[in-house]
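Undergrad: Kindly return the folded structure for what I paste below:
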Amino acid sequence: MRVVQIIDSLEVGGAERMAVNYANKLSEKIDFSGLVATRGEGSLLNQVNKNVHYLFLNKKGSLDLKAVLRLKTYIKKNKVDIIHAHSSSFFIAVLVKFIYPKIKIIWHDHYGPRISELKSENKTLRLFSVFFTSIFVVNKQLREWSQKYMHCKKVIFIPNFIQETQFVEQTTVLKGSEGKRIVFLANLKNPKNHLIVLEAFFELKLFDLGWSLHLIGKDYFDLYSQNLKEFIKSKDLYNHVHLYGERNDVIFILKQTSIGILASTFEGFPVTLIEYGKARLGVISTNAGFCSEIIKNKETGLLFDPLNKKELSFQLKEIVENESLRKNIAANLEKIVVDNYEADKVIEKIILEYSKI
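TA: All right, here's what the predicted structure looks like:
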């Protein structure tokens, strides 16, 4: 079995992390595991295992024929059977199939907000889906969307997983008091919904109880980011809310915290929740996407409607004040993660689906 993962870039993001995770883990299990970044590289390049056959295309524009030919040459030279195309990289995968018809394409949809989109907003995707052998999705809502709108009707739910990254230097030391740190692991952009968390943190005056909030994720220095920083400044939260930007040593960071929060208005399958569970954090989570399948209220975390600040504040207050509850749901979530979202178990399912093509 010879498979290549294709992704637009290796910047830190959910789809990007999963493409790297798949390539790395499959390199231990199959004859050939490749990874192709089409448009850009990024910090995730440092997490690609040496056994993965990596190629950067440096694609310029949607119809870069030289990039298409380079990808075809890579696929033919390495006798690749399957292209596993993540998110928008389906486009170049189909262009390659036009000139190399024997290749099989699996498209992997990680984009939670797609469930609110009409078929007219995905014309190219729908048109090209006739060339897909299978579609993988990260939650049940996306599966329903694909079954309704796509021309490829073989749609399979595949859960995400995390993989411990080796040789990542542990450099990020969090500010604040031990045992009273809340972490929010998400890039600073829509639909991650940071502002509602900042507002709840401020209104509850959690800093008076010694708690601090730590935002880990890429800063795009845009209006979204500017609004967050202006709120922090206007409420004089500089000593209590800390922004760290994009970081590679996530596992090391999480071990320094007690509570993990996720507040997105849309989600696919958040790897963040799996990472929180692996780190044994008390979790408070949005009910968007697949989140409510992982987080069962007061069993493996506390759920809230991401558009309801009152509900968020209530749950945040409870998880901060009730240490016994926090430790209990953290232990339960860790067990759920180990039982269902360990890398080996998910990869077994992936290889089984590959074998059916």
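Undergrad: Count residues in the vicinity of residue 297, would you?
TA: Residue 297: 14 surrounding residues under other C-beta atoms under 10 Å. Backbone N, C-alpha and C define where each C-beta goes, glycine included.
Undergrad: Look up how far residue 318 lies from it.
TA: Here residue 297 is placed at a distance of 11 Å from residue 318 (C-beta to C-beta, to the nearest Å).
Undergrad: Now do the shared contacts for the two.
TA: With contacts taken as C-beta atoms under 8 Å, 6 or more residues apart in numbering, not a single residue reaches both residue 297 and residue 318.
Undergrad: now stretch 64-80: mean pLDDT?
TA: Mean pLDDT, stretch 64-80: 97.
Undergrad: List the contacts of that stretch.
TA: For stretch 64-80, with C-beta under 8 Å, 6+ apart as the criterion, the contacting residues are 2-4, 6, 32, 34, 36, 38, 53, 55, 57-60, 83, 92, 95-96, 99-100, 103.
Undergrad: Out of the residues you listed, which sit inside strands?
TA: By the criterion of DSSP state E, membership of the contacts of stretch 64-80 in strands covers 2-4, 6, 32, 34, 36, 53, 55, 83.
Undergrad: quick one: which of those residues is nearest residue 237?
TA: Sorting those by how near they are to residue 237, with C-beta to C-beta, puts residue 6 at the top with 41.4 Å.
Undergrad: if we can go back for a sec, out of the ones in strands among the contacts of stretch 64-80, flag the one nearest to residue 302.
TA: Using C-beta to C-beta, residue 6 is the member of those that lies nearest residue 302, at 37.4 Å.
Undergrad: How is the protein divided into domains?
TA: Split into domains by automatic domain parsing, the chain comes to 2-161+342-355, 181-340.
Undergrad: Now render those as CSV, adding distance to residue 168.
TA: Listed next are these as CSV, based on distance: least, C-beta to C-beta, whole Å:
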stretch, distance to residue 168
domain 2-161+342-355, 7
domain 181-340, 5
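Undergrad: Out of those domains, which is closest to residue 175?
TA: domain 181-340 (5.1 Å).
Undergrad: What ranges does the stretch 151-300 of the chain have for its strands?
TA: Taking DSSP state E, counting those that start in this stretch, the strands of the stretch 151-300 of the chain run over residues 155-157, 181-185, 212-216, 241-245, 259-262, 282-286.
Undergrad: Tabulate those strands in CSV, adding columns for mean neighbour count.
TA: As requested, the strands of the stretch 151-300 of the chain are arranged in CSV below (neighbours: other C-beta atoms under 10 Å):
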stretch, mean neighbour count
strand 155-157, 17
strand 181-185, 24
strand 212-216, 23
strand 241-245, 17
strand 259-262, 27
strand 282-286, 27
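Undergrad: now these as CSV including mean pLDDT?
TA: Converted to CSV, the strands of the stretch 151-300 of the chain look like this (pLDDT from 0 to 100):
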stretch, mean pLDDT
strand 155-157, 97
strand 181-185, 98
strand 212-216, 98
strand 241-245, 97
strand 259-262, 98
strand 282-286, 98
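Undergrad: which stretch among the ones you listed comes nearest residue 269?
TA: Among the strands of the stretch 151-300 of the chain, strand 155-157 comes nearest to residue 269, with 9.0 Å by C-beta to C-beta.
Undergrad: Could you list the paired strands of the closest one along with their orientation?
TA: strand 134-137 (parallel) (DSSP bridges).
Undergrad: Would you mark the buried spots in the partner strand?
TA: Within strand 134-137, the residues that qualify as buried are 134-137, counting by 16 or more other C-beta atoms under 10 Å.
Undergrad: Check stretch 121-139 too.
TA: By neighbour count, with 16+ other C-beta under 10 Å as the criterion, the buried positions of stretch 121-139 are 122, 125-126, 128-129, 131-139.
Undergrad: still on that earlier bit, can you redo the strands of the stretch 151-300 of the chain as JSON lines, where the extra columns are distance to residue 67?
TA: JSON lines is the format used below for the strands of the stretch 151-300 of the chain (distance: least, C-beta to C-beta, whole Å):
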{"stretch": "strand 155-157", "distance to residue 67": "28"}
{"stretch": "strand 181-185", "distance to residue 67": "33"}
{"stretch": "strand 212-216", "distance to residue 67": "33"}
{"stretch": "strand 241-245", "distance to residue 67": "30"}
{"stretch": "strand 259-262", "distance to residue 67": "35"}
{"stretch": "strand 282-286", "distance to residue 67": "37"}
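Undergrad: between the domains of the chain, which one is nearest to residue 169?
TA: Among these, domain 181-340 sits nearest to residue 169 (C-beta to C-beta), with 6.6 Å.
Undergrad: mind checking how far that closest one is from the chain centre?
TA: 15 Å (C-alpha atoms, centre = their mean, to the nearest Å).
Undergrad: what about it, how long is it end to end?
TA: From the first residue to the last, domain 181-340 extends over 27 Å; the measure is C-alpha to C-alpha, to the nearest Å.
Undergrad: One more: stretch 105-120?
TA: Using C-alpha to C-alpha, the end-to-end distance of stretch 105-120 comes to 23 Å.
Undergrad: roughly how far is stretch 73-86 from the heart of the chain?
TA: 24 Å.
Undergrad: Check which residues of it are buried.
TA: Neighbour-count burial for stretch 73-86 [16+ other C-beta under 10 Å]: 74-75, 80-86.
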